[in-house]
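A.B. asks: test case, fold it:
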Amino acid sequence: MSRIGKQLITIPTGVTVTVATDQNRKVTVSGPKGSLELSIPFKINVEIVDSQIKVTRVSEDKKVKACHGATRAHLNNMVKGVQNLWTKELEIKGTGYKASVNGNKLKLLVGFIHPVEIIAPVGVEFQVPEETKIIVSGADRMKVGQVASNIRKVRPPEPYKGKGVRYLNEFIKLKAGKKAKA
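C.D. replies: Here you go, the predicted model:
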């Protein structure tokens, strides 16, 4: 049995979980911050017992074992996400580098001739409390992490001065530059 997969997920008050038993095999989690849906892999069963979610597997195949713990982790992240939003914080380092938000568009000025605009997907929000700080938030943990990664890819931190977009408190090991001959 998977160590993660066999753990039960408690459903907090205010969150509703419905399991569709027909052919599409979907679990829907709804809460105050949104609603999320997950397709359940074949040979994985999800049932609700005494306001807890129980994930079990039917077979002992290698692929089914791999999906068991992952399905449970996804469901747990969904339950937490519809109650409290997931957030990723990024910071911008560099002279003249800054960010601004207009509606669902994030505008980055990070050393290119033109500003880079990133449109927030459905369920993800951008906040810019300072010109050099970006907060990405949403109910879906995977989507929030992917959007934050895409923002970081626009201008990853370079290894000599550390200029670029990085996660908050991310450590960048700086290289020594050219050294004068003695």
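
A.B. asks: quick one, domains of this protein?
C.D. replies: Annotated domains of the chain cover 9-83, 86-167 [automatic domain parsing].

A.B. asks: who touches residue 44 in this structure?
C.D. replies: Neighbouring residues of residue 44 by C-beta atoms under 8 Å, 6 or more residues apart in numbering: 55, 56, 57, 58, 64, 67, 68, 71. Every residue, glycine included, has its C-beta placed from N, CA and C.

A.B. asks: equivalent analysis for residue 52, please.
C.D. replies: Applying C-beta under 8 Å, 6+ apart to residue 52 gives the contacts 8, 9, 10, 11.

A.B. asks: and of those residues, the nearest to residue 176?
C.D. replies: The closest of the contacts of residue 52 to residue 176 turns out to be residue 9 (C-beta to C-beta; 48.9 Å).

A.B. asks: would you confirm that the closest one contacts residue 79?
C.D. replies: Yes - counting by C-beta atoms under 8 Å, residue 9 does reach residue 79; the two are 5.9 Å apart.

A.B. asks: anything in contact with each of those two?
C.D. replies: residue 53.

A.B. asks: the two: who's more crowded?
C.D. replies: Taking other C-beta atoms under 10 Å, residue 9 and residue 79 do not tie; residue 9 has more neighbours (22 against 19).

A.B. asks: which element is the nearest residue to that one once chain neighbours are set aside on?
C.D. replies: Computed as C-beta to C-beta, 6 or more residues apart in numbering, the closest residue to residue 9 that is not its neighbour in sequence is residue 53, at 4.1 Å. Under the criterion of DSSP states H and E, residue 53 resides in strand 52-57.

A.B. asks: may I have that strand as PDB, with CA atoms only?
C.D. replies: Below are the C-alpha coordinates for strand 52-57, written out as PDB (Å, rounded to 0.1, in the frame of the first residue of the first chain):
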ATOM      1  CA  GLN A  52     -13.400  11.700   4.800                       C
ATOM      2  CA  ILE A  53     -12.100  10.900   1.400                       C
ATOM      3  CA  LYS A  54     -10.600   7.400   1.000                       C
ATOM      4  CA  VAL A  55      -8.500   6.500  -2.100                       C
ATOM      5  CA  THR A  56      -8.000   2.800  -2.800                       C
ATOM      6  CA  ARG A  57      -6.500   0.900  -5.700                       C
END
